[in-house]
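Engineer: sequence? don't have it. structure:
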């Protein structure tokens with residue numbers, strides 16, 4: 001991109017130099033009037049033409065320069081947004097002091113992650129649900145509402161979630177792992193969210209799936225040993 005801007009700049013300066021030379025040499029190039037037009041009129045017309053050409057060259061250069069500057073700003077903004085996303089995703093792990101070993105640990109993690117979702121999206125409530133794919137049953141669920149907002153979780157069926165049925169006025173984000181028998185869903189009562197918000201929440205949902213697998217493995221082993 002920098003090479004293209006430099007090329008356009010050099011081309012503009014070259015054209016400008018040639019135009020200034022032509023403007024300066026116009027009176028010497030035109031010695032006699034042509035046809036019924038006087039020498040002064042021809043000189044004036046030539047100067048107007050060359051000035052207009054210089055203006056067009058300048059306008060084109062400024063337009064191209066502005067376009068590339070805008071693309072550069074967009075690139076920097078995108079890099080900044082990515083850095084913010086990386087920082088927030090990293091914070092998901094940093095805020096978890098240990099992997100869940102019991103139901104209370106899992107509940108604390110669910111609460112922390114759902115608070116992060118509510119911090120990302122301005123929604124009345126949020127719902128996490130972990131579903132066993134083979135049976136369609138709910139393995140665990142956690143929800144949180146702001147103030148007096150009503151959570152309509154009874155209207156959200158596992159079958160609709162597993163079948164990717166669209167929910168009215170809701171955005172559903174699910175975990176991406178396809179080789180597991182569980183699927184984690186996050187339901188938010190908003191029609192749409194931004195791309196950056198979706199990336200962050202999907203990372204949280206995927207992390208929740210990992211935490212739940214660790215919990216179910218440790219929980220099963222502990223209870224199995226007791227028997």
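Structural biologist: Done, it's in. In this text, all values refer to a predicted model and were calculated from it rather than measured experimentally.
Engineer: who are the packing partners of the helix or strand that contains residue 203?
Structural biologist: Counting by DSSP states H and E, the element that carries residue 203 is helix 195-226. On a contact count with 3 or more C-beta pairs under 8 Å, 6 or more residues apart in numbering; DSSP states H and E, helix 195-226 meets helix 39-94, helix 103-120, strand 125-132, strand 138-145, strand 171-174, strand 182-188. To be clear about C-beta, it is placed using only N, CA and C from the backbone, and glycine gets the same treatment.
Engineer: go again with 7 Å.
Structural biologist: helix 39-94, helix 103-120, strand 171-174, strand 182-188 (3 or more C-beta pairs under 7 Å, 6 or more residues apart in numbering; DSSP states H and E).
Engineer: which residues belonging to the second one are considered buried?
Structural biologist: By neighbour count, and taking 16 or more other C-beta atoms under 10 Å as the criterion, the buried residues in helix 103-120 are 105-106, 109-110, 113-114, 116-118, 120.
Engineer: what's the angle from that helix to strand 182-188?
Structural biologist: Using axes from the mean of the first three to the mean of the last three C-alpha atoms, to 10 degrees, the direction of helix 103-120 lies 40 degrees away from that of strand 182-188.
Engineer: for helix 103-120, name the packing helices and strands.
Structural biologist: Other helices and strands packing on helix 103-120, by 3+ C-beta pairs under 7 Å, 6+ apart, are strand 125-132, strand 138-145, helix 195-226.
Engineer: angle of the longest one against strand 182-188?
Structural biologist: Note on geometry: by the same axes, to 10 degrees, helix 195-226 and strand 182-188 are set 140 degrees apart in direction.
Engineer: can you list the domain ranges for the chain.
Structural biologist: 2-90, 98-226 (automatic domain parsing).
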